[in-house]
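**Q** model the following, please.
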Amino acid sequence: MKKSIIALLLGLNILFGHVSFADDNFFTPQNANKNTQLTVFYMNDMHGELTEFGKVYSAKKIFDEKNSKTNTLVSASGDMYIGRNQKLNFQITNLLNKLNLDVLTFGNHEFDSNSKILSEYIKDANFKTVITNAEIPEENPLYKDIKSDKIVTSYVIERNGEKFGILGAVPTGVDLGLFDQNYPVTAYNPKETVKALNSEIAKLEKQKINKIIFVSHLGYFGEGGDLNIAKQTAGIDIILGGHTHLEINGVQKKNISKTRMANLVYSKRKEPVIIVQTSGINKQVGYLDVLFDRKGKLIEKNIKNSIIPVEGFESDKDIDKEAAKVLGKNKVLATVEKPYIPADTYEERNYENPTANLLTDAVAYKLRHSKMQVVLVQSPSVRGGLKDKLTTYQLKYKMLPFNHKFYYIELSEKDFVELLNQEALTSITTNNSQMLQCRGMHYTVDRTIKNPKSADAVCIKDIVIFNKKGNYVINPLNPDENKIVRCAVSNYLFTDKRTKGILERGKNKKLVGEEHKLVIKYLKRHKTINAQREGRIIVIEK
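**A** Residues are numbered from 1 along each chain as shown. Got it, this is the predicted structure:
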């Protein structure tokens, strides 16, 4: 009876994501039965999050112990680095080396500084960076990393006499050269990516390498996403994905739930391809265990895929000390009275986000004695929810990892509407919503409009700006070019190709401050947070 109760408790812990590792079954490989086996410890979208890296490291130690007799691969599918904190990003290379990472592909956030600095980040890397779908000009600083084989279009690892081919991909449809003034890196479009992958597969197969793993930051959805790429290529067996922050647990041929998306599909050769991904931010690690037959094809019944939360692992103290060198001290900044816990990244970016409200409130507080009317920030810049205590670690490394600067700027009513509408449309036409979070106003996003991709599409309405002398209503179908809206906006909007031209027409641009300092100063006067939606953004859906 006692044993039954213990077993039940362990089962409940695992079911609800609270893992006790005193007697765990994670990372335990299956019996290979004389087939070729590969076990993979995979990560994606760490986004510079080192506060949990000690737990990731502990998980990896268990993986190493339990998989010492199997062929192994340790992979990272992009966006491991983030922002312009060079001290932090250099430490990421150091810690990835300690993890004995085998392969990395770049995501979009590896390019948050520029190619020269990115080249310096990987200078001392002990792992390979694999990119199959990008053009790197000879004049670009990363080109020397191609010449020195730090960056390769494909890579072959050998384990116990078995060879595995590795491909990699940066995201398509993203401006990777945003911060390179000359000779930027450019990603291939989806069709070019498929062509490049098939070409590289052919080269590997000529070397009699028929077990191929694709480390991808393409994302799961869309023409250029992993799901479509798997069906359009011939020879890929495993896709270790990233970019969309999807927790894809288990193995299934159709969508079962948000955490059990379809991930077993078939290539152009009608051969099985398994797609995996974690939700990122070091909340989880992935464990994939597969068997190949003699022809290098996956044996479907022997594909095992698990998403493992890191919260149950004891953090490695030595790794914590290394991380603390760049993270600084952690202290409580405020108490959250009413929490906001988003279900997923989609919710964070497509609806009013109380976490973003805290940021815009802090900017407004800084400018409370000015004529500023509206604060705007793009949704992807603000991460996660708010609960219990808000600490410096949560603020700097989870909530606001980019530490963008804010600028005051005066826009015509027409340009203001164009800016708001342009970003709101992305929540309808793409899987990467850039919808603007706000303070000092409210507006409605209508996702039921017809032809949202047309040049004259307008999806916003009911724009109301709050003034001390009375509310100010803007008609988005007939904005006034001669009226001015005084804004504070994130500096990212001055660089993004969709919004750069609009903001260049603005006047009287002035620096307000950096996100971290603005919020910390605000919280010195506001020790409690009510993280609830206030009706700043209303969304109309089908």
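**Q** quick one, domains of the protein?
**A** Residue ranges for each domain of the chain read 37-322, 329-540, as given by automatic domain parsing.
**Q** end-to-end on the last one?
**A** For domain 329-540, the first-to-last residue distance is 43 Å (C-alpha to C-alpha, to the nearest Å).
**Q** between the domains of the chain, which gets nearest to residue 25?
**A** With C-beta to C-beta as the criterion, residue 25 lies closest to domain 37-322 of those, at 9.6 Å. C-betas here are computed from N, CA, C, even on glycine.
**Q** okay, and the helix or strand of this structure with the least pLDDT?
**A** Within the chain, no helix or strand scores below helix 2-15, which has a mean of 40 by mean pLDDT, DSSP states H and E.
**Q** now the element after it, going C-ward?
**A** Sequence-wise, the next helix or strand beyond helix 2-15 is strand 36-43, with elements assigned using DSSP states H and E.
**Q** that next one pairs with which strands, and in what direction?
**A** Listed by DSSP bridges, the sheet partners of strand 36-43 and their directions read strand 72-76 (parallel), strand 284-292 (antiparallel).
**Q** make a markdown table from these and add mean neighbour count, mean pLDDT and distance to residue 311 to it.
**A** A markdown table is the format used below for those (neighbours: other C-beta atoms under 10 Å; pLDDT from 0 to 100; distance: least, C-beta to C-beta, whole Å):
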| stretch | mean neighbour count | mean pLDDT | distance to residue 311 |
| --- | --- | --- | --- |
| strand 72-76 | 23 | 98 | 20 |
| strand 284-292 | 22 | 98 | 9 |
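**Q** ok, now how distant is residue 426 from residue 436?
**A** Using C-beta to C-beta, to the nearest Å, one gets 10 Å for the distance from residue 426 to residue 436.
**Q** between the two, which is the more surrounded one?
**A** For residue 426 against residue 436, the residue with the higher neighbour count under other C-beta atoms under 10 Å is residue 436, and the figures read 27 against 22.
**Q** that one pairs with what?
**A** Residue 436 has these beta-bridge partners by DSSP bridges: residue 378.
**Q** could you list every residue that touches it?
**A** By C-beta atoms under 8 Å, 6 or more residues apart in numbering, residue 436 lies in contact with 376-379, 419-420, 423-424.
**Q** quick one: pLDDT of it?
**A** The model reports residue 436 with a pLDDT of 98.
**Q** what does the one 3 residues further on give?
**A** Reported pLDDT at residue 439 in the predicted model: 98.
**Q** run through the stretch 201-350 of the chain and note the low-pLDDT ranges.
**A** Residues of the stretch 201-350 of the chain meeting the criterion pLDDT under 70: none.
**Q** all the strands of it, residue numbers only.
**A** Per DSSP state E, counting those that start in this stretch, the stretch 201-350 of the chain has strands spanning 212-216, 236-240, 264-266, 272-276, 284-292, 304-309, 332-338. These are given in chain order.
**Q** I'd like these as CSV, with distance to residue 316 appended.
**A** What follows is these, written out as CSV (distance: least, C-beta to C-beta, whole Å):
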stretch, distance to residue 316
strand 212-216, 25
strand 236-240, 24
strand 264-266, 34
strand 272-276, 25
strand 284-292, 14
strand 304-309, 16
strand 332-338, 24
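**Q** quick one, what contacts residue 111?
**A** 118, 176-180, 185.
**Q** roughly how far apart are it and residue 136?
**A** Distance of residue 111 to residue 136, given as C-beta to C-beta: 12 Å.
**Q** which residues do the two both contact?
**A** Residues touching both residue 111 and residue 136 comprise residue 185, with contact defined as C-beta under 8 Å, 6+ apart.
**Q** buried stuff in stretch 295-313?
**A** Of the residues in stretch 295-313, those with enough neighbours to count as buried (16 or more other C-beta atoms under 10 Å) are 296, 298, 302-310, 312-313.
**Q** TSV please, covering those residues and showing distance to residue 189.
**A** Formatted as TSV, the entries for the buried residues of stretch 295-313 read as follows, by distance: C-beta to C-beta, whole Å:
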residue	distance to residue 189
296	29
298	28
302	36
303	31
304	34
305	30
306	34
307	31
308	35
309	36
310	36
312	42
313	40
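**Q** between all of the residues you listed, which two are at the greatest distance?
**A** The two members of the buried residues of stretch 295-313 with the most space between them (C-beta to C-beta) are 296 and 312, at 35.6 Å.
**Q** okay, the domains of the chain, which one's buried deepest?
**A** domain 37-322 (a mean of 20; mean count of other C-beta atoms under 10 Å).
**Q** circling back: taking the contacts of residue 111 together, which two end up most distant?
**A** Pairwise distances across the contacts of residue 111 (C-beta to C-beta) peak at 12.3 Å, for the pair 118 and 178.
**Q** just put the strands paired with strand 36-43 in CSV and tack on distance to residue 459.
**A** Conversion of the strands paired with strand 36-43 to CSV gives the following (distance: least, C-beta to C-beta, whole Å):
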stretch, distance to residue 459
strand 72-76, 36
strand 284-292, 34
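**Q** which strand or helix spans residue 124?
**A** With DSSP H and E as the test, residue 124 turns up in no helix or strand.
**Q** I'd say it and residue 97 touch.
**A** Yes. In this structure, residue 124 is within contact of residue 97 by C-beta atoms under 8 Å, at 7.4 Å.
**Q** coming back round to it: which of the strands paired with strand 36-43 sits closest to residue 154?
**A** It is, among the strands paired with strand 36-43 and with distance given as C-beta to C-beta, strand 72-76, at 14.2 Å.
**Q** I'd like the next helix or strand past the closest one.
**A** Past strand 72-76, heading to the C-terminal end, the next element that is a helix or strand (DSSP H and E) is helix 86-98.
**Q** elements contacting that following helix?
**A** Under the contact definition 3 or more C-beta pairs under 8 Å, 6 or more residues apart in numbering; DSSP states H and E, helix 86-98 sits against helix 53-66, helix 115-121, helix 317-327.
**Q** turn those into a markdown table, including distance to residue 282.
**A** Formatted as a markdown table, the entries for these read as follows, by distance: least, C-beta to C-beta, whole Å:
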| stretch | distance to residue 282 |
| --- | --- |
| helix 53-66 | 6 |
| helix 115-121 | 18 |
| helix 317-327 | 11 |
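**Q** among those, which comes closest to residue 218?
**A** Within those, the stretch nearest residue 218 is helix 115-121; the backing value is 19.1 Å (C-beta to C-beta).
**Q** what residues does that closest one touch?
**A** Contacts of helix 115-121 from elsewhere in the structure, counted by C-beta under 8 Å, 6+ apart, are 81, 86, 89-90, 92-93, 106, 110-111, 140-142, 144-145, 177, 180, 184-185.
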